[in-house]
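> here is the input, now give the coordinates:
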Amino acid sequence: MAEVIGWDIGGVHTKAVWLSQGNLARARVESQAFEIWKADDELPSVLRSVHSSLEVGFPDAMAVTMTAELADVFESKRQGVLFVLHALREAFPDTPIFLLSLDQHFEPLEAALGNPLAFAAANWLASALFIAEQESSCLLVDVGSTTTDIVPIHEGCIVASGRTDMERLIAGELVYTGVVRTNPNTVAARVPVRGQSCSVAAEMFALMGDVYLQLGLLAPSDYTASTPDAGPKTVLGAQRRLARLVCADVEILSPEEIQHLARYLYERQLQQVSEAMYQVSSRLPGEDSPLIAAGSGGFLAIRAGQRLGLPRASLDISSEALSVLPCLAVAALLDKHLENGQI
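So this is what the prediction gives:
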């Protein structure tokens, strides 16, 4: 049993979990917002900052998944993966670092440099492999700030149709919608206003984070993206941004009207996630599998699961750790490999 840090390096968040002796209950969690396209050269210092915030020493090994390679600051995913790998080695030159591949194998960082695309967006796979050991048949739904992963697991096996991002989008296993960064105009083209159907502005006036801040489902600290107007992450700030979605403001729309607007957008996003869950779960044999809800938007997965009539599975994992499930998962998986002498 070792001390391991698991990483999930995304385009807008850098997350880590410290795991000691495989003790899931004592896992330490840290997440920092970092929009890589704005200052990609700062990634090594961000990695060191996250490690410092965990308030632990250097581990025996680090395990890594990433999605940052899709950021448009990179010309290709290949370039993005290589950039992240070099940043990791710069930040932690003396620490053994392993990456989980889409073929379900751990490879040392130096070997990953030779086949970078095999390590792009494997975060969902880490979560699924870990969850399959906890709950042999289930539907894993991880709703994050930007995307939603829906992974079917049956009798301990991942029965997903896709592996890459594009394959998973086609299969309904990746839904590009999340509870913070998604623009509401991608959730609904029209919204109800004063008894009529109103087109929404094709502008970046608001985020779904404003919807959930208005509805009390996200705390200001969970609104981890920059606000479109650089305004405050308060209910009033959210109301101002949501009003602009229909080219109005808080002098034109009342708080009650904005609340109604937010509820409708919540309903439409819930429908997006529910429809994808129906699509994916229809491939599972037998009775409805229990739901594992994870991510910062786990509340959305839970509500969608209720609509589908799915029972909830109970895991002995903190909600904080579930909110950064890929980090916990990849750390636990690497710890098991080290213990079994598989690396």
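> so V29 is in which element?
Using DSSP states H and E, V29 maps to strand 28-33.
> equivalent analysis for A63, please.
With DSSP H and E as the test, A63 turns up in strand 61-66.
> which residues touch that strand?
For strand 61-66, contacts defined as Cβ atoms under 8 Å, 6 or more residues apart in numbering pick out 2, 4-10, 81, 84, 88, 92, 95-100, 106, 109, 119-123, 125-126, 326-327, 330-331, 333-334, 338. (Each C-beta comes from the backbone N, C-alpha and C, glycine too.)
> pull out the buried residues from those residues.
Burial by neighbour count, 16 or more other Cβ atoms under 10 Å: within the contacts of strand 61-66 this picks out 2, 4-10, 81, 84, 88, 92, 95-100, 106, 109, 119-123, 125-126, 326-327, 330-331, 333-334, 338.
> which ones among the residues you listed are found in strands?
With strands defined by DSSP state E, the entries of the buried ones among the contacts of strand 61-66 inside them are V4, I5, G6, W7, D8, I9, I97, F98, L99, L100, F106.
> surely the second one touches S53?
No. Using Cβ atoms under 8 Å, I5 and S53 do not qualify as a contacting pair, with a distance of 11.6 Å.
> now do the shared contacts for those two.
Counting by Cβ under 8 Å, 6+ apart, I5 and S53 have no common neighbour.
> using PDB, write down the CA coordinates of the worst-scoring helix or strand of the chain on mean pLDDT.
Least confident helix or strand of the chain, by mean pLDDT, DSSP states H and E, is helix 319-322 with a mean of 92. What follows is helix 319-322 as a C-alpha-only set of coordinates in PDB (Å, rounded to 0.1, in the frame of the first residue of the first chain):
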ATOM      1  CA  SER A 319     -19.600  13.700  -1.500                       C
ATOM      2  CA  GLU A 320     -16.400  15.800  -1.800                       C
ATOM      3  CA  ALA A 321     -14.500  12.900  -3.300                       C
ATOM      4  CA  LEU A 322     -17.400  11.900  -5.600                       C
END
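> give the buried residues for it.
When burial is assessed from 16+ other Cβ under 10 Å, helix 319-322 yields the following buried residues: A321, L322.
> next, the spatially most central residue of the chain: phi, psi?
For the chain, the residue sitting closest to the mean C-alpha position, by Cα atoms, centre = their mean, is G144 at 3.5 Å. Backbone torsions for G144, taken as degrees, to the nearest 10, come to phi -100, psi -160.
> same check, this time on T67
Note on T67: backbone dihedrals following degrees, to the nearest 10 are phi -130, psi 0.
> just give me the neighbour total for it.
24 (other Cβ atoms under 10 Å).
> return the residues in contact with P228.
Neighbour list for P228: M204, F205, A206, L207, R241 [criterion: Cβ under 8 Å, 6+ apart].
> could you find the closest non-adjacent residue to the first one?
This points to M204. Of all residues not flanking M204 in the chain, P228 sits nearest, at 4.9 Å (Cβ to Cβ, 6 or more residues apart in numbering).
> now the third one
With Cβ to Cβ, 6+ apart as the criterion, A206 has its nearest non-adjacent residue at 3.9 Å, and that residue is R241.
> what residues are up against the one you found?
By Cβ under 8 Å, 6+ apart, the contact set of R241 is F205, A206, L207, D210, T227, P228, D229, G231.
> go again using 6 Å as the cut-off
Shown in contact with R241 (Cβ atoms under 6 Å, 6 or more residues apart in numbering): F205, A206, D210.
> likewise for D222?
Contact analysis of D222 by Cβ under 6 Å, 6+ apart lists S296.
> for the remainder of this discussion, apply numbering that starts at 240.
Fine by me, first position is 240 from now on; the one you just mentioned is D461.
> tell me how far it lies from R328.
As defined by Cβ to Cβ, to the nearest Å, D461 lies at a distance of 32 Å from R328.
> element containing V295, please.
With DSSP H and E as criterion, V295 is part of no helix or strand.
> tally of neighbours for it?
Residue crowding around V295 was assessed by other Cβ under 10 Å; the count is 15.
> can you check the one 5 residues further on too?
Using other Cβ under 10 Å, A300 is surrounded by 22 other residues.
> that one bridge partners, please.
Per DSSP bridges, the residues bridged to A300 are V243.
> pretty sure S465 is in a helix, no?
No. Counting by DSSP: H, G, I helix; E, B strand; the rest coil, S465 is not part of a helix but coil.
> in terms of residue numbering, what are the domains of the chain?
Domains of the chain are assigned by automatic domain parsing as 242-366+557-578, 375-553.
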